[in-house]
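Chemist: have a look at this fold, sequence not included:
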């Protein structure tokens, strides 16, 4: 690896030509995506906002069908504002990072109730809305309103790091990358430029093997010139994720309904549904797992453990299953006020996060 303390000494020599080249390339090669309007036109702020929130930490391939479904169910911000949060969470299930869905719903309500259903058109005012941070506000301002804003996502970060051969590891390099992105952003067509940078990173300037032979700005790329393109951006080593463990209890009534519990509205998987479970801990449980069983029954511990990885930790869950009486009485440990019985045919549309779909699937299909 190169000396990570080396700093970029200046912008690419042909900095002024980068934006025109990328805009011309985007007009020819830009991806056709369901939330995009043709190059050279401003886009629907609702579609831009919805797509950008969905795309955080999620791929275009995964988002595309979900975006289309969201738009079918809630075609504008007012429709989304009037939806029940549970409906939104259920539609979001599988996309992960569920705080985004809660903020999405809260933001829709603010835009509908306080802004007459119209999104603000500046970065400053957009950032006042729930769940909209620096990146999303820049993206909406540029793509929907033509403001000379400079959103920097992971793709753009990689493109800038390579264009300017930035050898400072991420995340320390972020301020320098943001500054250089702002210098490259043209006063007009900033939205097209941002999307061109996104597309370049997603289709050509990829990690780890960029297709430099197809790149419209290869002559301007210091990383290519120095033979560093495939290695950049450097990243500081991440701390190892800890492992938490627990047990999940799948109670099945004789009519086939499954006992689910709503998680607290804030925090990990807030507002989503789960099977009653023990706490998820790195150390040992203070009580035997069976003490957390939600109802009396003949609980059978299944042989396979369900595993799932969150952003900050790995999770391992033992799964217990029991068939219980039709009028089974819930124990206090289950927190009955947050529990409900859900028919198996309704599980597909319930607000179950991926980890809980694994748990329920293991119990019902194992």
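Modeler: Yep, it's here. All values derive from a computational prediction rather than experimental measurement.

Chemist: any regions of the chain where pLDDT drops low?
Modeler: Where the chain drops to pLDDT under 70, the residues are 1-14, 366.

Chemist: give me that answer again for 80
Modeler: 1-15, 284-286, 366 (pLDDT under 80).

Chemist: what are the boundaries of the strands in it?
Modeler: Remark: strands assigned in the chain by DSSP state E are 243-253, 258-262, 273-274, 300-301, 306-309, 314-324, 339-342.

Chemist: any chance of those strands in CSV, plus mean neighbour count?
Modeler: All C-beta spots, glycine's among them, are computed from the backbone N, C-alpha and C. CSV is the format used below for these (neighbours: other CB atoms under 10 Å):
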stretch, mean neighbour count
strand 243-253, 21
strand 258-262, 22
strand 273-274, 22
strand 300-301, 12
strand 306-309, 15
strand 314-324, 19
strand 339-342, 16
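
Chemist: any chance of these in TSV, plus distance to residue 294?
Modeler: Shown next, in TSV, are the strands of the chain (distance: least, CB to CB, whole Å):
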stretch	distance to residue 294
strand 243-253	6
strand 258-262	6
strand 273-274	11
strand 300-301	15
strand 306-309	17
strand 314-324	9
strand 339-342	7
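
Chemist: nearest to residue 201, of the ones you listed?
Modeler: strand 306-309 (24.4 Å; CB to CB).

Chemist: which one of the strands of the chain lies nearest to residue 189?
Modeler: For residue 189, the closest of those is strand 306-309, at 39.7 Å, according to CB to CB.

Chemist: for residue 147, find the nearest of the strands of the chain.
Modeler: Once those are compared by CB to CB, strand 306-309 is nearest, at 37.3 Å.

Chemist: show me what the closest one is packed up against.
Modeler: strand 314-324, helix 354-365 (3 or more CB pairs under 8 Å, 6 or more residues apart in numbering; DSSP states H and E).

Chemist: can you give the contact residues for it?
Modeler: 241, 248, 314, 315, 316, 317, 319, 354, 355, 358, 359, 362 (CB atoms under 8 Å, 6 or more residues apart in numbering).

Chemist: tell me which of those is nearest to residue 218?
Modeler: The closest of the contacts of strand 306-309, once distances to residue 218 are taken by CB to CB, is residue 241, at 37.0 Å.

Chemist: what about the closest one, how many neighbours?
Modeler: If you count neighbours by other CB atoms under 10 Å, residue 241 ends up with 13.

Chemist: mind listing what it touches?
Modeler: Residue 241 neighbours (CB under 8 Å, 6+ apart): 309, 312, 313, 314.
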